[in-house]
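1. Show me the folded form of this:
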Amino acid sequence: MSQQTSHIFFKTLLVLSIIFYKPIYAQKANDIDEANKFFKKGDSLLYYRNFKLAIQNYEEAKQIYEKNQDWNQVIASHNKLSENYMYTFNLPKALYHAEQALQIIEHKTDVNPKQKARAWDNMGNYHMKGKSDLDISLEYFEKAFQLRSETLADEDKDFARSHYNFGTVKTYKGLYEEAMGHFNKAIEIRKKKANEDPIEIAEIYRQMGNALFEQGLYDETLVYLEKALAIANKTYKPDNFYFVDLYNNIGLMYSYKKEENRSLEYYIKSLHLSELHLGVDHPDQVRMHYNIANIYFVQKNNDKALFHVDKTITIGIRAFGENFPNLALPYSLKGLVIRGEEGIVYIKKALILARKAYGEDNVRTAYFYTYLSELYHEISQYKSANEYAEKSLDIRLKVFGEHSFYTVESYILMATFEIDKKEYNKALNYLEKAITANRQPKSSGTGNYGEFDMFLSLTRLLKSLERKAFTLKSIYEKGNDPKILEESINTYEKAGRLVETIRRTQYNKEDKLTFAKDAKNVFYGGIATQLLSDTGNEDEQIEKAFNYAERSKANLLKELLNEANAKGFSGLPEKLLHLEQSLRKELADAKSAFYTTIGKENIDQTKVSDIESKITDISRRQDSLKMVLEKKYSKYYQLKYDNNTLSIKEVQKRLQENTTLLEYFMIDSTLYAFVITKNDAGIKELSISEIDKKIEAFRSSILLKKKAEYKRLGYALFNELLAPIKNQIIGNQLIIIPDESLWHLNFDLLLTSDIKTGNNSELSYLIKEYAVSYANSASLLFDEGIYKPITTSEIRKECLAFSFSNEDSLSVGNQMDLEVLRDAHEDLPGTRREIKKIATIVKGRYFFGSQAIEQNFKNNLSDYNVLHLALHGEVDDQNPENSKIYFTKTKDSLEDNILYSHELYALNIPAELTVLSACNTGMGKIAKGEGVLSLGTAFQYAGTKSLLLTGWEVSDNTTPEIMQNFYSNLSQGMNKAEALRQAKLKFLQTTDVFTQDPVYWGGFYLVGNYDAIEFEKVSNMNWILYVLIVLIVLSVLFYLKRKSMV
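-> Numbering: from 1, shown residues only. Sure thing, here's the model as predicted:
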C-alpha cells in the first residue's frame, strides 16, 4: 500500500469511527442519565422509608451501570441495596450486596474511596445486627474510618457516619461513655453542614437515647427521643416507617419507668406500622413481639406473654437461625413465664448465646444470671440462687459502678431472698446498700434539692423503702424493741411521701391504676405498724392508720376532679383552656373510632394503624400541655395535686348523730374495718377467709335465685364483715367505703340472723335496719369544694331523662316535658313506663325513640341537676374504657350514638344525681384503690356528685315502681340513701310472691353524696279541675231549678 493510499485509508477510517462513535457515545450518555434518575429516585424513596420501591429503582440503576461498566456507580448501587435490606432485616441479601461491592472493589482500580468505606460500613452493620459479632463489626468500622482519614477532608460528613457506627457498636458493648463521645462528634459534624439532612441528626439523637437508656438514665433518654420525634414529625407523615424504631425506643423507655400501659401503646403502634410496611411476621417484628411479651409478663397476663414470646422465637429462628444471639432475650423471657426447672433450661440456653455474643462482663449477661437466681430460689435451691445473684451483681458493679439502678435491682433481689428465709438482718444490710446505690454520685454544686431529687430511680427507691420498713417490722415482732418499730414507722411514712411524689410524675391513667397496686403495700404496712405501736395514745394511732387507708383510695378520681377545678379556678389563659378541651375531645373521638373499627368483622389494619397513630400523637400533645401547665402555673399545680385527707375529727363534724361511716381496707387475707360515728372512732382487724369466692357465690345465688345458698352465704358474710363491729354502729344511716372485692357486695342484702322462713319478705335483710350508701373515700365524700360546677349556665332543678327500648319505633320519637308524658294514656315500653312514673313527681325534659340520641344528651347534660338514663349498656371488664351506653341509632346524627366510658372523661356533668337504671351499670373490673371501673365510675370522673347504679340487669317490670317510689321519697325531703331504702322496702312489702326475690329489687345501690336533693315538683292542678266540675254542675242545677220555677 502506497503512502498516499495509506493516508486515504486512515483518514476514511477516522471519519467512519467518528460517524459511528457519536451515536454510541450519545446512547451511553442517555443510559447513564436514565440510571442516575433511577438512582436518585431510589434515594428519595429510601429517605421516606419506601424500601420496596427503593430497591426496585436501585436494581434498575445497577443493571444499566453494569451494562455501561460504570463500576463506581455499580458499587454505589450495591451499597444502597445493602442498606435497604439492612433496614428491613433481610440480612442475607444485605450481606450479599455488601460482598458484591467489595468483590468489584478488589478487581477494579480508581474506585471511589467513599464507596469502599461504605461497603465496609455495611459489612460492619451486618455483623452487628445479624451476628452480634461486635468485635468483627468494630474492625470493619475502623477500616472505613481509616480509609476516610486517608482520603477525605477532616470535616467530610462521612466521618459522621463513622462516629455514628462507633457509637452504636460501643453501646452494644457497654462502653457508654465512649459511645456518647462518638455520637456528640457525629452531631457536631452534621450541624456544621449548611444543608444537612435533619433525619440524620434525628437518628443520632435516637441512638444517643438508646445509650442513655441502657444506663438507666430514663429522663435523659426521653429528652433525646423527644428531639428525634420532633424532627421526624416535621419530616414524615405519621405512618412513615421511620417511626417504627422511634416508637419502639420510646416504649422501652416507659417500660423501665414502670409505666407499662403507656409503653404498650408505643410497642403496639410500632408493631402495626411495621406490619403495614413489611407484612405480618416479618423479621423486623421480632423485637416488638418480644417487648410486648415483656409488658404482658409484668402485668401477669401469661397467656398473651407466651403468645408473643413464641412469635419472637419462631420468626427469629426462621429468619436468622437457631444460634442467632438475640434469641437469648425471648428464651430467657419464656423461662421466666413458665418458671420451674423447665424455665431454668430456657434461661441457660439464653445465657450460652449471651456469653458468646456479648461476653461475660455485659449487662445482658448479668440479667440472665439474675433470672437464674430467681428461679433457683423459687425451687428452694438457695445456694445456686445466691451464686447467680452474686455473679450478676459483680458484673453490674464492673460495668456501672456502685451508683446504678442495675446495682440497686441486684441488692433488692438479694434482700428479698433473705426475707423469704427470715434472715432479716442480712436483708436489712442489702436494702441499705440498695438505697445508697440509688443515690446519684455526689455533685460538687449546691442546690435546694427535694427529699427524693438525688435518687436515680424513684420506683426502685419505693420498693427498697417498703421492703426495709417490712423487714424492720418483722425484726420488731421477733424482739419487741420499740426503737426498731419506730424506725419501721418512720420508713413507712417516708415511703408514703414518695408515693405522692411518684404519682405526680405519671400522666397515663392506666399507669396510675397500676401504680396504686404497688403503693398499697406501703399503706398496709403503715396501718399494721401503727396498730403495733404502744404510745399510750390510741386516738393518735387510729388517726394515723385512718390516714393511710384514705390515701390508698380514689386517688385517680380525686385528681381528675381536682384538675377540673384547677382549670376553672387557677387563672389559666382561655387559649390554653380551649386547647386542653379540644385535645380531650379529639382523644375521645379517636378512641371511639378505634373501638368501632376493631369491633367490625373485617378489621381494616391500615385504618387501625392510622387511628392508633392519631391517639399516640394526641396523648403526647396532652402530656406536653400538662407539663407546661404544671411548670408555668403554680396555682394550677397546687390545686391539681391537693391530696389532703380529712382527719377523723373533720369527718365526725360532717356526720349526723344517726350516721356511721364504715371504711374497709383489704389486702390479701387481711381486712381492717374503721368505724367512725359522731363521737367515737375505732379500728378492728377482721378474720376473713376466701372472701372473694364467697362474694362471687353470694352474687350468683341472687341471680340464680338459689334461696338456701343465698341465706347461708348472706348470714355467713354478715358474721365476717359486720357482726364483730355491729355494736359500734350508731343510728340507721350507714355509709360504707368498700375495698377490692367488697365493691361487688350488696351489703343491704346481707342477713342479720339465721331465720327459718320460706317467705322472702320476712328475711332479716340488713336494709331493714340501715339505709346503706357507698363512697369512694371519706375525704372525697365530705370535700365540699371538689364538686364545684365548671359551668356558666344555671343548673335547672329538674330531671333530664332518656329512654330507648327495642319496642320503640324509630319512626316515632320525640322530646317532651315530663308533665306532658304524665298525661299520656297509651301503653308504653318498660323504660318509658318507668319515666312516666317519674313524670308524676319531678319536672324536666324527656327524649325517647328517634330523639334519644347522643347529641341531644351532650347538648343538655350540663343544664339539669338530675339525669335519668333508662338506656341499655355493655360492660367490658377487660378494657373498661370500651364500656358503653347505647342511644338510638339514626343516620342523620353527628354522633355515632354509642357513648363510651372514655368519652365521659371529656365531658362536664355537674349533676347532683345521675340514675343509670336500665343496664348493668355498676359492675366492672376492680382496680386497687379506685373501686369498680364501671360505666357509673366514668360519670363520677365527669363530675357527678352521686350515682344510682345497678349491680345486675334489672327487670323492666319491677324497675318503674321502685323508681317511682324513690323519686316520691326524694320529693318528701328524704336523703337519697333513705329514699332508696324505703323504695325497696315498699316494693318488698307490696309485690307478689313471684317478684320478692332480691334479684328483682336489690340490684340498685347509691354511690357518693347521700344528702337530700332539691328539685322542682310537679304542680298538681287536678284540684282546680275538680272545683270547676263542681261549679259547672252546681250552675247547671241552679239553671234548671230557676227554669222549672218559671
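2. Pretty sure N326 sits against I315.
-> No: N326 is beyond contact range of I315, at 11.3 Å (criterion: Cβ atoms under 8 Å). For the C-beta atoms, the positions are set from N, CA and C on the backbone; glycine is no exception.
3. residues shared between the contacts of these two?
-> V286 (Cβ atoms under 8 Å, 6 or more residues apart in numbering).
4. for the chain, which residue is closest to the average position?
-> Centroid-nearest residue in the chain: E510, 2.9 Å away (criterion: Cα atoms, centre = their mean).
5. Now that one: closest residue in space that isn't a chain neighbour?
-> Leaving aside its sequence neighbours, E510 sits nearest to N261 (Cβ to Cβ, 6 or more residues apart in numbering; 3.4 Å).
6. and whichever strand or helix holds the one you found, what other elements does it pack with?
-> Using DSSP states H and E, N261 sits within helix 260-278. Packing contacts for helix 260-278, counted by 3 or more Cβ pairs under 8 Å, 6 or more residues apart in numbering; DSSP states H and E, involve helix 242-256, helix 286-298, helix 509-532, helix 605-632.
7. Need the ones you listed in a markdown table (columns: mean pLDDT and distance to I347).
-> Shown next, in a markdown table, are these (pLDDT from 0 to 100; distance: least, Cβ to Cβ, whole Å):
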| stretch | mean pLDDT | distance to I347 |
| --- | --- | --- |
| helix 242-256 | 87 | 20 |
| helix 286-298 | 94 | 13 |
| helix 509-532 | 87 | 25 |
| helix 605-632 | 74 | 33 |
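8. Among the ones you listed, which comes closest to A549?
-> Proximity to A549 (Cβ to Cβ) singles out helix 509-532 among the helices and strands packed on helix 260-278, at 6.4 Å.
9. Could you check which helix or strand contains Y672?
-> Per DSSP H and E: strand 670-676 holds Y672.
10. Please tell me how far the closest residue to T312 other than its chain neighbours sits from E60.
-> Take T312 and drop its neighbours on the chain: the residue closest to it by Cβ to Cβ, 6+ apart is P330, 4.0 Å away. Using Cβ to Cβ, to the nearest Å, P330 is found at 39 Å from E60.
11. ok, those two, which is more surrounded?
-> P330 (27 against 18; other Cβ atoms under 10 Å).
12. correct me, but the more buried one touches I292?
-> No: taking Cβ under 8 Å as the definition, P330 is not a contact partner of I292, at 11.3 Å.
13. tell me the mean pLDDT over stretch 949-962?
-> Taken as a whole, stretch 949-962 has a mean pLDDT of 86.
14. Run through who's touching the strand holding Y672.
-> 524, 527, 542, 545-546, 549, 648, 651-652, 655, 660-666, 681-686, 688, 691, 721, 724-725, 728-729, 739, 778.
15. now stretch 986-996
-> The contact list for stretch 986-996 (Cβ under 8 Å, 6+ apart) reads 759-761, 955, 957-958, 961-962, 965, 1000-1001.
16. Of the residues you listed, grab the buried ones for PyMOL.
-> A single PyMOL command selects the buried members of the contacts of stretch 986-996 (16 or more other Cβ atoms under 10 Å):
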select buried, resi 760+958+961+962+965+1000+1001
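17. Could you let me know which of the contacts of stretch 986-996 ends up closest to Y85?
-> Closest to Y85, out of all of the contacts of stretch 986-996 and judged by Cβ to Cβ, is S955, at 65.4 Å.
18. out of everything not next to it in sequence, what's closest to that closest one?
-> Leaving aside its sequence neighbours, S955 sits nearest to Y1000 (Cβ to Cβ, 6+ apart; 5.6 Å).
19. Please apply the same query to Y967.
-> Per Cβ to Cβ, 6+ apart, closest to Y967 is I841, 4.5 Å.
20. Now do the same for the one you found: its pLDDT.
-> At I841, pLDDT is 86.
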